[in-house]
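**Q** coords please:
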Amino acid sequence: MPPPRDRPTGIAGPLPPPPSLGPRIVLNGHVMFIEGYALPHFVGCHAGFVLDDTGKTVAVLTSDQRMQGLLETALATGFAVQLTAQQYTKNPPDPWGSGPQWGTTEVYNPVTLILWNFKDFKHPDA
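**A** Sure, this is the predicted structure:
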């Protein structure tokens, strides 16, 4: 058996450096659409996320299945979303690998995600 350093890892070639992320911020809004990817180099999704305060659409990009499930639930239910995320300081590559897809759209990496069902919420004091 070859020494650990010489064993195959399944990774071909050097890995690109991880994308640079800014500080964590809180975003409030709604999911408008989700695009899923099952590509050889990326499995995940990005969501179009409309900010409540400005109406601006940003992209939320994740490969985490739990985050993807919550984004799908937000889309299906229309629930409000509170997202703690980090903005990519340089937009990540397009998952299709065809170059920058994002244009001037800000792209965020989700850290935490809360769904709020304000439609059915009844305050205990009401």
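
**Q** from here on, contacts and neighbour counts on C-alpha atoms
**A** Noted.

**Q** can you give me the strands for the protein?
**A** Under the criterion DSSP state E, the chain contains strands at 21-39, 42-51, 57-62, 80-88, 107-116.

**Q** With mean pLDDT and distance to Ala74 added, can I get those strands in CSV?
**A** As requested, the strands of the chain are exported to CSV (pLDDT from 0 to 100; distance: least, CA to CA, whole Å):
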stretch, mean pLDDT, distance to Ala74
strand 21-39, 92, 6
strand 42-51, 91, 10
strand 57-62, 93, 13
strand 80-88, 93, 7
strand 107-116, 93, 7
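
**Q** how far out from the middle of the chain is stretch 28-41?
**A** Computed by CA atoms, centre = their mean, to the nearest Å, the chain-centroid distance of stretch 28-41 equals 7 Å.

**Q** ok, residues contacting it?
**A** Residues outside stretch 28-41 that contact it (CA atoms under 8 Å, 6 or more residues apart in numbering): 43-53, 71-72, 74-75, 78-83, 95-96.
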